[in-house]
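1. I'll drop the sequence and a predicted model, then ask my questions.
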Amino acid sequence: MRRPPQSSLSPWVGRVVRTVVVTVFVLGATSGASRWQPGSPPMTPVAGAWLVATTLTLLLVHRFPLTLFLITTASAFGYYASGFPGGPVIVVPTIALFVLTRQRGPLVAGITGAGALAVLYLGHIVTSGSFVLAVGAGFLVVWLVAVIGIGTAVRYQFAAVAARREQADEHRHRLAEQERLRIAREVHDVVAHSLAMINVQAGVAAHVADRRPEQAKEALLNIKEASASALKDLRATLAVLRSGEDKAPAPSLAQAAELLAHARDAGLTVDVHGEAGELPAPVDAAGYRILQESLTNVVRHADQARHVDVRFGRPAGAFTLRVRDDGRGTTQPVPGHGLRGMAERAAALGGRFTAQPLGDGFEVFVELPIEGDA
């Protein structure tokens, strides 16, 4: 679902509103103080213009927080020293210091604030000729520490929220990638196995069509059966994708006889040793897919293979499957989708997987742990 494009004016709307609110507050409070405080000087146009000029810097404080903190601090204390009516113009450098802390961190804000206070103290010495500060000067230190502390807390809170959001996005991406790989493995296993069998049977039908039409007919029936099975599995996979729920029937080694029959129909002799027995569903499904892919690889890639040996084992706490063929001239294969898929299935269950050429063929071996079966 596409998100609607955000307006480029939206950040400026907030900045303008903030500046207007602060300007009205500063002007209103200062004007009220000039009227109601005894001995307060009257509000003049010059004082009003000074206050407005100071507050208008908030429009750009997000871009130049350090510079504007220094400017507004000098402007605010210059205003107080000029004999104009008192008011809350100190709120402007307060906002600038808060933004500076959020953007640049407490270290930069602390050094800048301490430097500004040092300059103000030097100005006090020059103008008054005294090193003694008024009691209210301690308020400036408290003000500096409080604003930097609040800004730091907000900075870390926003950083934590951003980190959690990033972790959530990464987690969703990882889950989506795992699901994509799972679906790719399922589709590959279904399609590759069925198409390999169809290809072999089609070759048989083409080879014997003229001389042995009965065998050609049998091959065509096998093609029909393999294609129907592939379509059924693909429909189940697509139904899962459409519904978003994992409702497809899980493959099981209880259906291994069908795989072995397909291999025999392709001209292989298959010997089976041992039994898989009752297995947990994840192990059962992985074992089925690995057996399916192993037999598919024999049909597709083994050179003149005639025999396949399938061995099921149940050592303590594990299930093993060994598939070995007698293909000639076997070399170490370049890992493709099939071998990678089998290795991923084994790794997902904490098992181990090997696929290697032997002196007289190729062997696939997988060992999958079974919890509670020690």
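-> That came through, no problem. Residues are numbered from 1 along each chain as shown.
2. So what pairs up with Phe362 in the strands?
-> Pro357 (DSSP bridges).
3. list the contacts for it?
-> Asn297, Val298, Ala302, Arg324, Asp325, Gly327, Thr330, Pro333, Ala355, Gln356 (C-beta atoms under 8 Å, 6 or more residues apart in numbering). For every residue, glycine as well, the C-beta is placed using N, CA and C.
4. Tabulate the residues you listed (CSV), appending pLDDT, distance to Arg15 and secondary structure.
-> Conversion of these to CSV gives the following (pLDDT from 0 to 100; distance: C-beta to C-beta, whole Å; DSSP: H, G, I helix; E, B strand; the rest coil):
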residue, pLDDT, distance to Arg15, secondary structure
Asn297, 85, 65, helix
Val298, 86, 70, helix
Ala302, 77, 71, coil
Arg324, 92, 73, strand
Asp325, 91, 73, strand
Gly327, 83, 73, coil
Thr330, 64, 71, coil
Pro333, 70, 63, coil
Ala355, 91, 63, strand
Gln356, 88, 67, strand
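5. Looking at neighbours, which among those residues is most surrounded?
-> Asp325 (27 neighbours; other C-beta atoms under 10 Å).
6. Would you confirm that that residue contacts Asp303?
-> No - using C-beta atoms under 8 Å, Asp325 makes no contact with Asp303, being 9.7 Å away.
7. need the longest helix for the chain.
-> The longest helix of the chain (DSSP state H) is helix 138-208.
8. So for the helix or strand just after it, mean pLDDT?
-> Downstream of helix 138-208, the next assigned helix or strand under DSSP states H and E is helix 213-243. The pLDDT scores in helix 213-243 average 72.
9. ok, now stretch 116-133?
-> On average, stretch 116-133 scores 79.
10. Quick one: list the elements packing against the helix or strand of the chain with the lowest mean pLDDT.
-> Lowest by mean pLDDT, DSSP states H and E among the helices and strands of the chain is helix 213-243, with a mean of 72. For helix 213-243, the contact count by 3 or more C-beta pairs under 8 Å, 6 or more residues apart in numbering; DSSP states H and E identifies helix 138-208, helix 256-265 as packing neighbours.
11. Going by neighbour count, list what's buried in that helix.
-> Buried residues in helix 213-243, counting neighbours by 16 or more other C-beta atoms under 10 Å, are found at Ala216, Glu218, Ala219, Asn222, Ile223, Glu225, Ala226, Ser229, Ala230, Asp233, Thr237.
12. quick one, phi psi at Pro88?
-> phi -90, psi 40 (degrees, to the nearest 10).
13. What of Phe319?
-> Per degrees, to the nearest 10, the backbone of Phe319 is at phi -130, psi 130.
14. May I ask which helix or strand encompasses the residue lying closest to it once chain neighbours are set aside?
-> Nearest residue to Phe319, sequence neighbours excluded (C-beta to C-beta, 6 or more residues apart in numbering): Leu368, at 5.0 Å. Assigned by DSSP H and E, Leu368 belongs to strand 361-369.
15. Return that strand as PDB; C-alpha atoms alone will do.
-> The C-alpha atoms that make up strand 361-369 are tabulated as PDB, following Å, rounded to 0.1, in the frame of the first residue of the first chain:
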ATOM      1  CA  GLY A 361      28.000 -42.100  -7.700                       C
ATOM      2  CA  PHE A 362      26.700 -39.200  -5.500                       C
ATOM      3  CA  GLU A 363      25.400 -39.200  -2.000                       C
ATOM      4  CA  VAL A 364      23.100 -36.800  -0.100                       C
ATOM      5  CA  PHE A 365      23.000 -37.100   3.700                       C
ATOM      6  CA  VAL A 366      21.000 -35.200   6.200                       C
ATOM      7  CA  GLU A 367      20.700 -35.500  10.000                       C
ATOM      8  CA  LEU A 368      17.800 -33.700  11.700                       C
ATOM      9  CA  PRO A 369      17.500 -33.500  15.500                       C
END
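16. hmm, back to that, my guess is the residue nearest to Phe319 meets Leu349, correct?
-> Yes - look at Leu368 against Leu349 with C-beta under 8 Å: they come within range, at 5.1 Å.
17. Flag every buried residue along stretch 267-281.
-> For stretch 267-281, by 16+ other C-beta under 10 Å, it's Leu268, Val270, Ala276, Leu279, Pro280.
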